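Participant: Got a sequence here, can you build the structure:
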Amino acid sequence: MRWIADSIKNSPPSVLDKLLNIASEYKDVISLAIGEPDLDTPAHIIDAGTEALKTKYTHYTSNFGFLGLREAIAEKLDKENHVNVDPRDEIMVTCGAGTSIDLFMRAVLDPRDEVLVQDPGYFNYIYVGAFLNTKIVPIHVKEENGFSLNPEDLEEKITEKTKLLIINSPANPTGSVIPEKNLKKIADIVIENDILVLTDEIYEKLIYGEKHFSIASIPEMKERCVLINGFSKAYAMTGWRVGYAAGNKEIIHAMGVIGAYTSICAPAVSQKAALAALKGNQDCVEEMRREYDKRRLYIIERLNEIGIPTVMPTGAFYAFPNISQYGSSEKVWKLFLEKANVSSTPGTAFGKYGEGYLRFSYANSLKNIEKALDNIEKVIKNV
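Facilitator: Sure, this is the predicted structure:
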């Protein structure tokens, strides 16, 4: 370990590595652990990628992404999100949304800056923050509030060292959506306290019964906000690795400088496929959303019937059941893996307030979800 940087050694233990390694040792396991669409990339997007290969679109692009894609992203943001950005200097295309998060945090954070995150929340924020020697400050998003970020809870966590708030709505792992009225209150708070905002909206197309609202659409937020999104979830393009960041031009420029010396650019072929995703018929997105909605309704109803209390998520494709009556997150995760042949993710992978919960991804077939819950029900009856 003497060769490893202190920031890496001192980062939280990787729960994800552990569960993936253990789960891989079991045969015939039904996976409800991975946040990846089980549906295929739509045919017209694949065709665009294939055509790009045939026409030898296989070289470097600008480190910010090719302009045609940035223009399409700007058009989408203006039309759908009411966010106005210049495609030439306020958008960067990256190797997936995760790279956008990494580049943004590296561009704006100094050691010992404080970063506010939802807890339970997406683990990338926690790990990237640790790698940068910043202080991650969890804001407990509570089950009784549907796991949605409460503006009053945010205010309590702000100190003179607070530099950044990361918002994820719809959220991983809870599927919660922050209502528009609360996002407007949050905007007032961060403006008053001179705090930057990273808004991660990768699940914006997967909302059920509510309307997506971006905090970046508030005019006063433009200079202190960067919006992150991508193509992995809405278009089932996880392996294509295309995401983007949009917002404050100084931050986008700094991200581009870092990106030029790391990933250089997002894959050229994938950028052409992403352009086809934005420009093509959007019926495929709605078809996927409806399919996830069927699974959402089934898995939540069934978990509650089994005796595992579960809040109905309003976004993404995750259920976050409360298993505390049966033991710790790790104990119940292992129980379901070993006795029910079902893999999930311990809630503790998403922060300290994830204890007592598991994350189930319903990005799996209804048939597999039904079988998984049948197995879990048998195990629960014997606990």
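Participant: Tyr235 against Asp40, yeah?
Facilitator: No. With contacts counted by CB atoms under 8 Å, Tyr235 stays clear of Asp40, the gap being 10.3 Å. For glycine as for every other residue, the C-beta is placed from the backbone atoms N, C-alpha and C.
Participant: ok, these two, which is more surrounded?
Facilitator: Between Tyr235 and Asp40, counted using other CB atoms under 10 Å, the more crowded position is Tyr235 (26 against 12).
Participant: what about stretch 251-270, start to end distance?
Facilitator: 24 Å (CA to CA, to the nearest Å).
Participant: go on, stretch 132-147?
Facilitator: 27 Å.
Participant: for it, what is the average pLDDT?
Facilitator: Averaged over stretch 132-147, pLDDT sits at 96.
Participant: Only the buried residues of that stretch, if you could.
Facilitator: 132-141, 143, 146-147 (16 or more other CB atoms under 10 Å).
Participant: what about the closest residue to Glu223 other than its chain neighbours, how many residues close to it?
Facilitator: The shortest distance from Glu223 to any non-neighbouring residue, by CB to CB, 6 or more residues apart in numbering, is to Asn248 (5.7 Å). By the criterion of other CB under 10 Å, Asn248 has 24 neighbours.
Participant: Touching, Asn248 and Arg224? I think so.
Facilitator: Yes. At 7.0 Å, Asn248 and Arg224 qualify as touching, with contact defined as CB under 8 Å.
Participant: Could you point out the longest helix of the protein?
Facilitator: helix 283-306 (DSSP state H).
Participant: and the nearest residue to Asn84 once chain neighbours are set aside, how many residues sit next to it?
Facilitator: For Asn84, ignoring the flanking residues on the chain, the nearest one in space by CB to CB, 6+ apart is Asp78 at 5.7 Å. Counted with other CB under 10 Å, residues neighbouring Asp78 total 13.
Participant: returning to that earlier point: could you name the helices and strands sitting against the longest helix of the chain?
Facilitator: Applying 3 or more CB pairs under 8 Å, 6 or more residues apart in numbering; DSSP states H and E, we find helix 283-306 packed against strand 318-319, helix 366-381.
Participant: and for the last one, what are the contacting residues?
Facilitator: Right, helix 366-381. Outside helix 366-381, the residues within contact range by CB atoms under 8 Å, 6 or more residues apart in numbering are 30, 32, 294-295, 298-299, 302-303, 306-308, 326, 335-336, 339-342, 362, 364.
Participant: Buried ones among those residues?
Facilitator: Buried, going by 16+ other CB under 10 Å: 30, 32, 295, 299, 302-303, 306, 308, 326, 335-336, 340-342, 362, 364, out of the contacts of helix 366-381.
Participant: Look up the closest residue to Tyr278, ignoring the ones flanking it.
Facilitator: If you look again at residue 278, you'll see it is Leu, not Tyr. Ala72 (4.5 Å).
Participant: Secondary structure class of that neighbour, three-state.
Facilitator: Secondary structure, DSSP: H, G, I helix; E, B strand; the rest coil: Ala72 is helix.
Participant: just Gly209 next, same as before
Facilitator: coil.
Participant: Quick one: residues contacting it.
Facilitator: Contacts of Gly209 by CB under 8 Å, 6+ apart are Thr314.
Participant: which stretches of the stretch 101-250 of the chain form strands?
Facilitator: Under the criterion DSSP state E, counting those that start in this stretch, the stretch 101-250 of the chain contains strands at 114-119, 135-140, 162-168, 196-200, 225-230, 243-247.
Participant: Those strands: which one's closest to Val285?
Facilitator: For Val285, the closest of the strands of the stretch 101-250 of the chain is strand 225-230, at 13.1 Å, according to CB to CB.
Participant: Can you list the strands that that closest one pairs with?
Facilitator: In the sheet, strand 225-230 lines up against strand 196-200 (parallel), strand 243-247 (antiparallel) (DSSP bridges).
Participant: Just put those in a markdown table and tack on mean neighbour count.
Facilitator: Shown next, in a markdown table, are those (neighbours: other CB atoms under 10 Å):
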| stretch | mean neighbour count |
| --- | --- |
| strand 196-200 | 25 |
| strand 243-247 | 28 |
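Participant: Ok, which of these comes nearest Asp47?
Facilitator: Taking the strands paired with strand 225-230 one by one with CB to CB, strand 243-247 is closest: 21.6 Å.
Participant: Of the buried residues of stretch 132-147, just say which sits nearest to Met255.
Facilitator: After measuring the buried residues of stretch 132-147 against Met255 - CB to CB - the closest member comes out as Leu132, at 14.0 Å.
Participant: just checking, the closest one touches Arg112?
Facilitator: No. Shown here, Leu132 and Arg112 do not form a contact pair, counting by CB under 8 Å, at 9.8 Å.
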